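Colleague: Any chance you could fold what I've pasted below:
(4 chains)
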2 protein chains.
Amino acid sequence: MYTYSHPRPALSVDVVIFSLRDSQLQVLLIQRAGEPFQGMWALPGGFVRMDESLEEAASREMQEETGLQEAYLEQLYTYGEPSRDPRGRVVTVAYFALIQADAVFRKEGGSDASQALWYPINTLPDLAFDHKEIIHYAYRRLRYKLEYSAVGFELLPTEFTLSEIQQTYEMILREKLDKRNFRRRILQAGIIESTDRMRSGEGRPARLYHYREDAVAEVKARRLFP
Amino acid sequence: MYTYSHPRPALSVDVVIFSLRDSQLQVLLIQRAGEPFQGMWALPGGFVRMDESLEEAASREMQEETGLQEAYLEQLYTYGEPSRDPRGRVVTVAYFALIQADAVFRKEGGSDASQALWYPINTLPDLAFDHKEIIHYAYRRLRYKLEYSAVGFELLPTEFTLSEIQQTYEMILREKLDKRNFRRRILQAGIIESTDRMRSGEGRPARLYHYREDAVAEVKARRLFP
DNA sequence: CCAAAAGTGTTTGCTCTACACCCATGG
DNA sequence: CCATGGGTGTAGAGCAAACACTTTTGG
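Modeller: Down below sits the predicted model:
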């Protein structure tokens, strides 16, 4: 069943890196230096090395582009259409990553990227390969997970106000939420704790909260047939 | 960024094939003919060919083992730990498949499998590679999807009674469901239609229903923060 | 004192859950 | 006529949604 000498597809990882920047959900893209799709934008990614796991490869690519090692990282889907890369067979394992808004970010791209830039999810440029499809799927998964898990906190700094969480949710879900219901729910869920610190800005200062690492925030989906 | 001459992992697909047999959820396994793990049981699978997509490869493997081409097939996860295959680097894309209970089944295994057998999900034998982990993840996903989608119908014959659906759900979820609530929900969901046919067995004959192909049965998960 | 954002409860409707008896058929 | 599984409705509890005003600070 398993043999050793046969033609093999190349195997790469691509990472959809999300972050909140300028009050928008943005994706990190790099501009392609060479052919094909020269000058077009693409997801950070590269080939999987023989001695690293897929997750390590994704983490390494992210580190190379952003300087960040610690982030929420989740495998998304594996794309393997024979025609997805014009140069030959390349199968890619896509990951999606969430970066905290206050994380340090190394501006200049990694070794092999000519340029790295953040793009708002709603105004993406033309993308190389099937990367547009990958990003849209990642965005769909993010919205979906937001509804039944606490993944949204991965995008926030370690301390945040209730209004900031709500804005995050509104931004990603693209809908307005009721302030009182939102606060009641999130507090009842027991996944955040209030600190004794406040943040001053315009208007009345807001209490700062932080995410409870030990929180079990998975919520059972409503069953079709319970 | 992309180059062409570099060592590449081998790429395979493995398929977790579920079916209801003898009123139990069962998985199709093959017995390994050669080393490593000779004589142990494993998932049907094999290498991806250069000219086929991943889904085509999974479908082909399923066809070789079961004789079935038409089935529900969904990509599950890609496993790529460098040490998962003792012979070298093999990355595998796992799929899960659901086969209707009344589907014709070619008993003898395919070309390279010495033997193929159905095992109840609760009494699996020792498994080669990381296949136990893969099956458990597939089972978890199946249970999960059952709760918010109509995927359960993929396991049923084209016509079925309400009791049969309920038994299917109870079997997979491993819990007893209330008959009246179950029936009300499934009928209100509008994903099945009654026929004018009945099935006689012991006791009062039961009305037969069939699945509406055009049904939109995804149910919004209960939101943590709506 | 005014602008800006933070913070706070209650009512109403709907959905989920629990629960028990009669019906139709075959032997 | 009896055993077997099929089929049916309702009341109570808990959850989700809608909704507006007061509080605190900085300028």
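Colleague: Now for residue A:127: which residues touch it?
Modeller: Under the criterion of CB atoms under 8 Å, 6 or more residues apart in numbering or on different chains, the neighbours of residue A:127 are A:29, A:40-43, A:135. In short, each C-beta sits where N, CA and C put it, glycine included.
Colleague: now the residues you listed: which count as buried?
Modeller: Taking 16 or more other CB atoms under 10 Å in any protein chain shown as the criterion, what is buried in these is A:29, A:41-43, A:135.
Colleague: How about the residues of chain A by DNA strand D?
Modeller: Taking CB under 7 Å from any atom of the strand as the criterion, the neighbours of DNA strand D within chain A are A:178-181, A:185, A:200, A:202-205.
Colleague: Residue A:135 contacts residue A:16, correct?
Modeller: Yes. Because the distance of 5.5 Å satisfies CB atoms under 8 Å, residue A:135 is recorded as touching residue A:16.
Colleague: Now do the shared contacts for the two.
Modeller: A:27, A:43.
Colleague: ok, then the element right after whichever strand or helix holds residue A:181?
Modeller: When elements are assigned from DSSP states H and E, residue A:181 belongs to helix A:179-188. Next in sequence after helix A:179-188, counting helices and strands by DSSP H and E, comes strand A:192-199.
Colleague: residue ranges for the strands of chain A, please.
Modeller: A:10-21, A:24-31, A:41-42, A:45-47, A:72-79, A:90-99, A:115-120, A:159-161, A:192-199, A:206-211 (DSSP state E).
Colleague: Tell me who's in contact with the closest residue to residue A:205 other than its chain neighbours.
Modeller: Once its chain neighbours are removed from consideration, residue A:205 has its nearest residue in residue A:198; the separation is 4.3 Å (CB to CB, 6 or more residues apart in numbering or on different chains). With contact set as CB under 8 Å, 6+ apart, residue A:198 has these partners: A:205-208.
Colleague: Looking at chain A, which residue is nearest DNA strand D?
Modeller: When distances are taken as CB to the nearest atom of the strand, chain A reaches nearest to DNA strand D at residue A:204, 2.8 Å away.
Colleague: what about the longest helix anywhere in chain A and chain B, touching?
Modeller: When chain A is parsed with DSSP state H, its longest helix is helix A:131-148. Yes. Part of helix A:131-148 sits near chain B under the criterion CB under 8 Å from any CB of the partner chain, namely A:144, A:146-148.
Colleague: pLDDT added to those, as a markdown table?
Modeller: Below are the residues of helix A:131-148 next to chain B laid out as a markdown table (pLDDT from 0 to 100):
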| residue | pLDDT |
| --- | --- |
| A:144 | 89 |
| A:146 | 89 |
| A:147 | 83 |
| A:148 | 82 |
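Colleague: ok, so of these, who is nearest residue B:75?
Modeller: When the residues of helix A:131-148 next to chain B are compared for distance to residue B:75, the smallest value, 16.2 Å, is given by residue A:144; criterion: CB to CB.
Colleague: Burial check on that closest one, number of neighbours?
Modeller: Close neighbours of residue A:144, defined as other CB atoms under 10 Å in any protein chain shown, add up to 13.
Colleague: Next, find the distance separating it from residue A:102.
Modeller: 25 Å (CB to CB, to the nearest Å).
Colleague: got it, and residue A:132?
Modeller: Spatial separation of residue A:132 from residue A:102 under the definition CB to CB is 29 Å.
Colleague: Pick out whichever of those two has more residues nearby.
Modeller: Neighbours were tallied for residue A:132 and for residue A:102 using other CB under 10 Å; the higher tally belongs to residue A:132 (15 against 12).
Colleague: number of nearby residues for the closest residue to DNA strand C within chain A?
Modeller: Here chain A gets closest to DNA strand C at one residue, residue A:203, 2.5 Å apart by CB to the nearest atom of the strand. If you count neighbours by other CB under 10 Å, residue A:203 ends up with 6.
Colleague: about what we covered before: can you lay out the residues of chain A next to DNA strand D as CSV showing pLDDT?
Modeller: Listed next are the residues of chain A next to DNA strand D as CSV, based on pLDDT from 0 to 100:
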residue, pLDDT
A:178, 95
A:179, 96
A:180, 96
A:181, 94
A:185, 91
A:200, 94
A:202, 92
A:203, 94
A:204, 97
A:205, 98
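Colleague: So, low pLDDT: which residues of chain A?
Modeller: Scanning chain A for pLDDT under 70 picks out the ranges A:1-4, A:103-114, A:215-226.
Colleague: Flag every residue of it that's near DNA strand C.
Modeller: Among all residues of chain A, those adjacent to DNA strand C (criterion: CB under 7 Å from any atom of the strand) are A:161-163, A:179-181, A:183-184, A:201-207, A:222, A:226.
Colleague: if you set the cut-off to 6 Å instead, what comes out?
Modeller: In this structure, chain A approaches DNA strand C at residues A:161-163, A:179-181, A:183, A:202-204, A:206-207, A:222, A:226, judged by CB under 6 Å from any atom of the strand.
Colleague: Among those, name the buried ones.
Modeller: A:161-162, A:183.
Colleague: I'd say residue A:28 and residue A:41 touch.
Modeller: No. Using CB under 8 Å, residue A:28 is not in contact with residue A:41; the gap is 10.1 Å.
Colleague: anything in contact with each of those two?
Modeller: residue A:117.
Colleague: check contacts around residue A:59.
Modeller: Counting by CB under 8 Å, 6+ apart, residue A:59 makes contact with A:69, A:73.
Colleague: Look up how far residue A:181 lies from it.
Modeller: Look at residue A:59 and residue A:181: by CB to CB, they are 37 Å apart.
Colleague: What of residue A:74?
Modeller: When CB to CB is the yardstick, residue A:74 and residue A:181 sit 28 Å from each other.
Colleague: can you check residue A:89 too?
Modeller: Summarising the geometry, the distance separating residue A:89 from residue A:181, computed by CB to CB, is 50 Å.
Colleague: How about residue A:204?
Modeller: Per CB to CB, residue A:204 is found 21 Å from residue A:181.
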